[in-house]
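Participant: what's the 3D shape of this:
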Amino acid sequence: MTDPISDMLIRIKNAQAVKKETVSFAHSKLKNEIAKILESRGYIGAAENHGKKQKKLIEVALIYGTDGAPKISGIRRISKPSRRVYRGVGEIFSVKNGLGTAVYSTTRGLLTDREARKQKVGGEILFEIW
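Facilitator: Sure, this is the predicted structure:
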């Protein structure tokens, strides 16, 4: 697999499309941090680690609205293995007029667009979610 982050995001989106309660994928430190950010922003439920060593998984509980609609309506992967995209602090804008979130990989770790503007750091934009 060449892009594990895209795989993680698409698994979450596809699982919500068919109304699954949970979804699991292979563990990595980066995916774990992304899951924590999505959990804190309210896009997914609790993210838990399961298994040991080689068979370690992240299991994510999915959240739906009162009408049964998924919380995540769209995901767009910006920086890919074939094309890296970097933005300075002056180029960081809100997603969908503040209704979405962008996740950046910075020198201070993974940050949302709001946190990156607040800390005045730029970095590689990984994806946008709304």
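Participant: What lies in contact with the longest helix anywhere in the chain?
Facilitator: In the chain, taking DSSP state H as the definition, the longest helix is helix 4-17. Identification of contacts with helix 4-17 by Cβ atoms under 8 Å, 6 or more residues apart in numbering yields 1, 22-23, 25-26, 28, 30-31, 34-35, 38, 44, 60, 62, 64, 70-72, 75, 77, 80, 126-127, 129. C-beta: built from backbone N, CA, C; applies to glycine.
Participant: got a list of what the closest residue to residue 72 other than its chain neighbours touches?
Facilitator: Distance criterion Cβ to Cβ, 6 or more residues apart in numbering; nearest residue to residue 72, sequence neighbours excluded, is residue 43 at 5.4 Å. The neighbours of residue 43, taking Cβ under 8 Å, 6+ apart as the test, are 63, 71-72, 101, 129.
Participant: gap between residue 46 and residue 13?
Facilitator: 18 Å (Cβ to Cβ, to the nearest Å).
Participant: Between those two, which has more neighbouring residues?
Facilitator: In this view residue 46 and residue 13 are compared by other Cβ atoms under 10 Å, and residue 13 has more residues nearby, 16 against 11.
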